[in-house]
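Colleague: Requesting a structural model of the entry that follows:
(one chain, ligands or ions: 2)
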Amino acid sequence: MAVTILAIESSCDDTSAAVIRDGYVLSNLIAGQEIHRSYGGVVPELASRAHQANIVPVADQAIKRAGVRLEEISAVAFTRGPGLLGSLLVGTSFAKGFALAREIPLIEVNHLQAHVLVHFILHEGREARIPEFPFLCLLVSGGHTQIILLTSHLEMKILGNTIDDAAGEAFDKCGKVMGLPYPAGPGIDMLASVGNKKAFAFSKPSIKGIDFSFSGLKTNFLYFLRDRLKEDPDFIAKNKPDLCASLQHTIISILVSKLVKASTETGIREIGIAGGVSANSGLREAVELEAEKRKWNLFLPELGYTTDNAAMIGITGYYKYLRKEFTGQDVAPLARI
Ligand code: KG4
Ligand code: ZN
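Modeller: Numbers count the residues shown, from 1 in each chain. Ligands and ions are numbered 1, 2, ... in the order given. Sure, this is the predicted structure:
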C-alpha cells in the first residue's frame with residue numbers, strides 16, 4: 001500500500017505543509033512572514049503568532065492540492081527542532097492533534113537532517129537523479145554551516161561545523177550594515193552579480209580541519225566600512241555592488257575550500273549543497289566549477305527546496321516511516337538538538 005505523509009515545517013518564519021507519497025512530492029505549500037522585514041530579523045513572538053494563523057489553512061491547502069483524502073494519510077511528520085521554540089510548538093501541536101484525531105503515527109524530524117535529504121525528493125514525470133551513499137553535503141543556512149557525511153538516508157555524521165556564526169548570518173549581518181533588508185542573502189547575491197569580486201579583500205579565517213568561522217570576517221567587514229565611511233560618508237552607496245561581490249566571494253571561497261578538503265580527505269565525490277545559502281548563484285557556480293575539475297557527481301537543490309519547506313520534512317518522515325520510527329504524543333519540541 002502507498003505510504004502518504006503529511007509534513008509540517010514551522011521552525012522559523014515559514015509555515016509550510018506538504019504531502020509526500022512513496023517519496024514523490026504531491027504538494028508543498030509555504031506561507032512566508034513579511035512582518036519581520038521591518039524589524040531587520042525574525043521576531044520570535046510574531047513568528048509563532050503568524051504560524052498559529054497560517055497552519056490550518058496551509059495544511060488544508062496542501063492536502064487539497066495533493067488530491068488525497070484524509071483516510072489516505074499514513075502518518076504526520078513534523079519538525080521537532082532545532083528552531084524557535086514558540087514556532088516549533090505550533091507545528092508540533094498541530095501534528096499531534098492531527099495524528100490523534102486520525103489515529104495515525106506521529107514522526108519527529110530533525111530540521112537539519114531534512115535540509116540534506118532534499119536531494120532524495122522525487123517528482124512525478126521527472127527522471128529521478130538522487131545521490132548514492134556515502135554522500136557528502138555542505139549544509140549552509142541562516143543558523144548552520146556544516147559538512148555532513150551520509151552513509152544512508154538516516155545515518156549521518158557531522159564532519160565540520162562553524163565555531164561561531166553561520167554563513168547565512170554573515171550574509172545577513174553584513175547586509176544589515178549596508179542597509180539591505182532582512183534576510184540580506186538574496187539582495188547581496190543580486191548586487192554581487194553586477195559588482196567586482198576583486199574590488200576589496202576581506203579576511204579569511206585560518207581554522208584547522210574542516211570547521212568554519214565567520215565572526216572574524218563580519219568584524220573585518222564592519223571595521224573596514226567604519227574606516228571608509230569616515231573618509232567618505234557615501235562610501236557604501238557608491239560601492240554597494242563591489243562590496244557585495246567581494247564579501248560574497250570571500251564567504252564562497254571559505255565554504256568551497258572546506259568542501260574540497262572534506263572530499264579529498266574522505267575520498268567521497270558524491271557531493272551536494274543544501275540550506276538557504278545554497279540558493280546563492282555564486283556558490284552554485286563555484287561548486288559546479290569544482291565538480292567539473294574534480295569529477296564530482298554534484299547535486300544542487302532546486303531553488304524552492306533551498307529555504308525552509310515541508311517537502312524536506314516529508315521525505316525524511318517517509319524514510320522514518322519505512323523504519324517504523326514513530327514518536328509518542330508526549331513529544332516536546334527542542335530549540336537545540
Ligand atoms: O535554510 P534557511 O531558509 O533558514 C534556516 O534554517 O536558517 O536559510 C536562510 C538563510 C538566510 O541567512 C538568507 O540570507 C540565506 O539563507 N539566503 C541566501 C540566499 N537566499 C537565502 N544567502 C545568500 N544568497 C542567496 N541567494
Ligand atoms: Zn532551515
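
Colleague: Helices of the chain, start to end?
Modeller: Remark: helices assigned in the chain by DSSP state H are 44-66, 85-102, 111-116, 167-177, 185-192, 215-231, 235-266, 281-294, 310-322.

Colleague: what sits up against the fifth one?
Modeller: When you say that, I think you mean helix 185-192. 168, 171-172, 174-175, 180-181, 240-241, 244-245, 247-249, 276-277, 279-282 (CB atoms under 8 Å, 6 or more residues apart in numbering). Where C-beta positions appear, they are placed from N, C-alpha and C, glycine not excepted.

Colleague: Can you find the helix or strand in this structure with the smallest mean pLDDT?
Modeller: Sorting the helices and strands of the chain by mean pLDDT, DSSP states H and E puts helix 44-66 at the bottom, at a mean of 94.

Colleague: Counting by contacts, list what it packs against.
Modeller: Using 3 or more CB pairs under 8 Å, 6 or more residues apart in numbering; DSSP states H and E, the elements in contact with helix 44-66 are strand 4-9, strand 15-21, strand 24-31, helix 85-102.

Colleague: State the mean pLDDT of the last one.
Modeller: Summarised as a single mean, pLDDT over helix 85-102 is 97.

Colleague: Also stretch 208-226?
Modeller: 96.

Colleague: just to revisit the earlier point, got a markdown table for the helices and strands packed on helix 44-66, with mean neighbour count and distance to residue 111 too?
Modeller: Shown next, in a markdown table, are the helices and strands packed on helix 44-66 (neighbours: other CB atoms under 10 Å; distance: least, CB to CB, whole Å):
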| stretch | mean neighbour count | distance to residue 111 |
| --- | --- | --- |
| strand 4-9 | 30 | 8 |
| strand 15-21 | 29 | 11 |
| strand 24-31 | 21 | 14 |
| helix 85-102 | 20 | 9 |
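
Colleague: Please list only the buried members of the contacts of helix 185-192.
Modeller: Neighbour-count burial (16 or more other CB atoms under 10 Å) applied to those gives 168, 171-172, 174-175, 180, 240-241, 244-245, 247-249, 276-277, 279-280, 282.

Colleague: my guess is residue 303 contacts residue 281, does it?
Modeller: No. Judged on CB atoms under 8 Å, residue 303 makes no contact with residue 281 at a distance of 9.8 Å.

Colleague: need the residues of the stretch 201-337 of the chain near ligand 2, please.
Modeller: Neighbours of ligand 2 within the stretch 201-337 of the chain, by CB under 5 Å from the ion: residue 308.

Colleague: quick one, what contacts the residue in the stretch 201-337 of the chain that ligand 2 sits nearest to?
Modeller: Proximity of the stretch 201-337 of the chain to ligand 2 (CB to the ion) peaks at residue 308, 4.4 Å away. Residues near residue 308 by CB under 8 Å, 6+ apart: 9, 11, 12, 14, 16, 30, 111, 276.

Colleague: okay, among these, which ones form the most distant pair?
Modeller: Largest separation among the contacts of residue 308 by CB to CB: 30 and 111, giving 14.4 Å.

Colleague: Find the residue at the geometric middle of this structure.
Modeller: residue 275 (2.5 Å; CA atoms, centre = their mean).

Colleague: right, and residue 279 touches residue 309 too?
Modeller: No. Counting by CB under 8 Å, residue 279 does not reach residue 309; the two are 11.9 Å apart.

Colleague: Common neighbours of those two, please.
Modeller: In contact with both residue 279 and residue 309: no residue, using CB under 8 Å, 6+ apart.

Colleague: just to revisit the earlier point, just put the helices and strands packed on helix 44-66 in a markdown table and tack on distance to ligand 2.
Modeller: Below are the helices and strands packed on helix 44-66 laid out as a markdown table (distance: least, CB to the ion, whole Å):
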| stretch | distance to ligand 2 |
| --- | --- |
| strand 4-9 | 8 |
| strand 15-21 | 11 |
| strand 24-31 | 12 |
| helix 85-102 | 12 |
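
Colleague: now these in a markdown table, with distance to residue 148?
Modeller: What follows is the helices and strands packed on helix 44-66, written out as a markdown table (distance: least, CB to CB, whole Å):
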| stretch | distance to residue 148 |
| --- | --- |
| strand 4-9 | 19 |
| strand 15-21 | 21 |
| strand 24-31 | 22 |
| helix 85-102 | 21 |
